[in-house]
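**Q** Any chance you can model this:
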Amino acid sequence: MHAFFSIFQKFMGKHNEFGRFGEEVAEDFLRNRGYKILQKNYYYTKAEVDIIAQKDDTLAIIEVKSRSRGFFKDMSEVVHPKKIKLLVKAADHYVIENDLDVEVRFDIITVIKKDLGFEVEHLEDAFHHF
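**A** This next block holds a predicted model:
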């Protein structure tokens, strides 16, 4: 049992490490497109928002998904309905807490490791696509 736990910890450590790296890639991607990063890893009750960013009068609530190999077959597989509800509650709380007068949009950014780098896809207003 101990050997399994050690392997699991090593795997999860690398998985979490790549997830954090994917979030950094997503932040750079957003900054290069004129977004201001307002908050990273924002927690509200059971929800965690990976990135909250603003561009002009739009607040983007961004879920980042990273894969070290493979691809996402369909963006609808990336965020489940329960997660969407939690993200909406967290976004509402953030807007009220910071007394913001902005449009709110929910985006998904995927970061997929390729042989010679990464592929980044940004789906704006993602929840309207489901």
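**Q** Just confirm Lys89 is within a helix.
**A** Yes: per DSSP: H, G, I helix; E, B strand; the rest coil, Lys89 lies within a helix segment.
**Q** show me what contacts it?
**A** Residues near Lys89 by C-beta atoms under 8 Å, 6 or more residues apart in numbering: 44-45, 47. In this view, the C-beta of every residue, glycine as well, is placed from N, C-alpha and C.
**Q** How much space separates it from Val95?
**A** Distance, Lys89 to Val95, by C-beta to C-beta, to the nearest Å: 11 Å.
**Q** And Ile37, by the same measure?
**A** 17 Å.
**Q** in stretch 97-112, what's buried?
**A** If you call a residue buried by 16 or more other C-beta atoms under 10 Å, then stretch 97-112 has these buried ones: 105-112.
**Q** Next: stretch 115-124.
**A** Neighbour counts over stretch 115-124 (16+ other C-beta under 10 Å) mark 120, 123 as buried.
**Q** Measure how far that stretch is from the centre of its chain, please.
**A** On the basis of C-alpha atoms, centre = their mean, to the nearest Å, stretch 115-124 sits 13 Å off its chain's mean C-alpha point.
**Q** What average pLDDT does it get?
**A** Average pLDDT, stretch 115-124: 86.
**Q** which residues make contact with it from outside it?
**A** The contact list for stretch 115-124 (C-beta under 8 Å, 6+ apart) reads 25-26, 29, 33, 60, 75, 105, 107-112, 129.
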